[in-house]
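Colleague: what would the 3D arrangement of this be:
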Amino acid sequence: MAAASDLPHAVCVELAREAIAAGPNGYTAAAANARAQHFRDALLGPVINATGVLLHTNLGRAPFPLATPAQAMNVEFDLTSGERGSRQTAVGGLVAMLCGAEAAMVVNNNAAAVLLVLAALANGRDVLVSRGESVEIGGGFRVPEVMEQSGARLVDVGTTNRTRLADYSKAMTRKAADVAAVLKVHPSNYRIEGFTEQTSVAQLATLGVPVVADIGSGLIDANCPWLPGPPPAWLANEPAARQTLADGAALVTFSGDKLLGGPQAGIIAGRADLVQACKQHPLARALRPGAHVLLALQELALAYLDRTVVEAVPFWQMATTTVNELSVRAHELVAAAGCGEVVATEATPGAGSAPNAGIASVGVRVIGDHLSALRRAQPPIVARNRDSATVLDLRTVNPTDDHHLVEALRKCAS
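Modeller: Okay, the predicted model is just below:
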């Protein structure tokens with residue numbers, strides 16, 4: 001299996017056996033090599049995201065370095081007392097500072113955060129959810145199914161397009177009601193427009209039960225104080241953790257690998273007693289993150305607090321690059337490759353963040369469908385097809401990878 005010469009011998013043997021078993025005409029070198037190439041392509045590795053989707057779920061969402069030193073760390077060890085500590089203490093404290101919360105904790109993704117909160121606060125009890133927020137997002141994540149797994153009872157409130165405070169109040173006073181919480185869910189990857197009405201967190205906070213706001217995308221502060229200028233226009237309608245808590249939410253949950261710009265994680269922040277209840281629930285151990293995620297989140301939180309986000313966080317570097325800078329790079333790419341043309345494009349935040357929002361961008365357009373050839377490049381390049389042409393959006397490409405694009409474009413031209 002010449003094509004698999006860089007794979008371990010044991011892997012090559014197994015692939016050869018599979019090729020022999022699967023081939024109707026017996027073993028062929030071509031079949032074995034094709035199987036080996038497919039196996040190698042399935043292994044995790046770096047790719048160049050030229051799609052213009054900043055948080056591309058299929059490409060790992062926010063690019064953030066995970067570098068854990070090859071040595072012991074005080075993950076659950078209290079250096080002051082010399083006794084066992086909690087892995088939530090340091091990172092949870094930093095995230096709480098960022099959100100303006102009493103306390104915070106980290107689990108392995110936002111779906112886990114929602115599941116844990118519901119299990120800890122509402123097992124066997126009612127949770128009110130607007131019909132318009134009883135959603136399904138990517139990967140088949142459905143609010144009703146997650147609630148069922150948590151043991152909480154879903155109570156639909158209002159209608160798909162209009163839900164008022166009176167609808168929640170009515171649900172709370174119905175016979176046999178046992179309401180543990182109100183769950184407000186960010187619709188994430190869709191919008192309902194037209195004849196609509198929603199109930200704000202501030203209004204829900206008057207009901208007398210905890211309001212849990214799943215803001216999803218992880219914007220920490222609507223004012224974006226880590227940026228040199230005003231908040232980007234594309235964030236105008238995005239809920240933020242700090243403001244949601246200030247409006248009266250008892251807890252917020254959100255992702256670490258979306259607008260926060262860090263590793264995959266789920267964050268629960270808010271009232272100390274409710275966060276403590278989540279920490280003490282048996283599911284907390286099953287959903288806890290590892291040391292590498294905690295260390296990455298710690299570095300990320302320190303960057304936010306130190307106002308070095310634009311320099312330290314790749315997502316915000318991509319999001320804040322000016323169109324002029326992208327245009328200069330695009331013209332240099334076209335000149336170096338000897339093919340293509342510079343075009344205006346529209347990037348998108350992605351991963352359900354700021355749905356329908358666009359970010360002005362610049363790309364390189366090449367006539368024809370070159371997607372397959374670009375994926376075979378080293379490293380692979382993932383781009384988009386539009387109007388019988390291939391477009392490489394530079395907003396999502398690290399400038400240090402531009403020379404790879406030049407080489408790939410030259411091959412496309414030939």
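Colleague: CA only for contacts and neighbour counts going forward, please
Modeller: Noted.
Colleague: mind saving the C-alpha coords of stretch 219-233 as PDB?
Modeller: The C-alpha trace of stretch 219-233 is given here as PDB (Å, rounded to 0.1, in the frame of the first residue of the first chain):
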ATOM      1  CA  LEU A 219     -21.300  37.100  23.700                       C
ATOM      2  CA  ILE A 220     -19.900  38.300  27.100                       C
ATOM      3  CA  ASP A 221     -20.800  42.000  27.000                       C
ATOM      4  CA  ALA A 222     -22.900  43.800  24.400                       C
ATOM      5  CA  ASN A 223     -20.600  46.900  24.800                       C
ATOM      6  CA  CYS A 224     -17.600  44.800  23.600                       C
ATOM      7  CA  PRO A 225     -15.200  46.800  25.800                       C
ATOM      8  CA  TRP A 226     -12.300  44.700  24.600                       C
ATOM      9  CA  LEU A 227     -12.600  46.300  21.100                       C
ATOM     10  CA  PRO A 228     -11.000  49.700  20.300                       C
ATOM     11  CA  GLY A 229     -14.200  51.100  18.800                       C
ATOM     12  CA  PRO A 230     -17.900  50.600  19.200                       C
ATOM     13  CA  PRO A 231     -19.500  47.100  19.000                       C
ATOM     14  CA  PRO A 232     -19.800  45.700  15.500                       C
ATOM     15  CA  ALA A 233     -23.200  46.400  13.800                       C
END
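Colleague: residues in contact with it: which ones?
Modeller: Residues outside stretch 219-233 that contact it (Cα atoms under 8 Å, 6 or more residues apart in numbering) are 98-99, 235, 238-243, 259-260, 304, 307-310.
Colleague: show me those that map onto helices.
Modeller: Using DSSP state H, the subset of the contacts of stretch 219-233 located in helices is Leu98, Cys99, Ala241, Arg242, Gln243, Tyr304, Val309, Val310.
Colleague: farthest pair within those?
Modeller: Largest separation among the ones in helices among the contacts of stretch 219-233 by Cα to Cα: Gln243 and Val310, giving 21.7 Å.
Colleague: who wins for most neighbours among the ones in helices among the contacts of stretch 219-233?
Modeller: When neighbours are taken as other Cα atoms under 10 Å, the top entry among these is Ala241 (30 neighbours).
Colleague: now do the contacts for that one.
Modeller: Taking Cα under 8 Å, 6+ apart, we find Ala241 in contact with Cys99, Ile215, Gly218, Leu219, Ile220, Asp221, Val252.
Colleague: break down the stretch 101-250 of the chain into its strands, ranges please.
Modeller: 103-107, 126-130, 136-137, 141-142, 153-157, 179-185, 211-216 (DSSP state E, counting those that start in this stretch).
Colleague: so where's this structure shaky on pLDDT?
Modeller: 1-5, 23-27, 137-141, 188-194 (pLDDT under 70).
Colleague: residue ranges of each domain in it, please.
Modeller: Using automatic domain parsing, the domain parsing of the chain gives 48-63+317-413, 89-311.
Colleague: dump those domains into CSV; add distance to Thr28 as well.
Modeller: Below are these laid out as CSV (distance: least, Cα to Cα, whole Å):
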stretch, distance to Thr28
domain 48-63+317-413, 23
domain 89-311, 38
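Colleague: looking at those, which is closest to Glu76?
Modeller: With respect to Glu76, and counting by Cα to Cα, the nearest of the domains of the chain is domain 89-311 at 8.9 Å.
Colleague: span of the closest one from start to end?
Modeller: Using Cα to Cα, to the nearest Å, the end-to-end distance of domain 89-311 comes to 26 Å.
Colleague: those helices in the stretch 51-200 of the chain, which residues are they?
Modeller: Ranges of helices in the stretch 51-200 of the chain, per DSSP state H, counting those that start in this stretch, are 89-99, 110-122, 143-150, 165-173.
Colleague: with Thr320 as the reference, name the closest of the strands of the stretch 101-250 of the chain.
Modeller: Closest to Thr320 of those, according to Cα to Cα: strand 211-216, at 21.4 Å.
Colleague: what lies in contact with the closest one?
Modeller: Strand 211-216 has contacts (Cα under 8 Å, 6+ apart) with 110, 114, 181-186, 188, 201, 204-205, 239-241, 244, 248-255, 353.
Colleague: neighbouring strands for it, and are they parallel or not?
Modeller: Taking DSSP bridges as the criterion, strand 211-216 sits next to strand 179-185 (parallel), strand 251-255 (parallel) in its sheet.
Colleague: using CSV, write out every CA atom in that strand.
Modeller: Included here for strand 211-216 are C-alpha records, laid out as CSV according to Å, rounded to 0.1, in the frame of the first residue of the first chain:
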residue,chain,number,x,y,z
VAL,A,211,-35.2,32.7,34.8
VAL,A,212,-32.6,30.5,33.0
ALA,A,213,-31.5,32.2,29.7
ASP,A,214,-29.8,30.0,27.2
ILE,A,215,-28.1,32.8,25.2
GLY,A,216,-26.1,30.2,23.2
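Colleague: thank you kindly, that will do.
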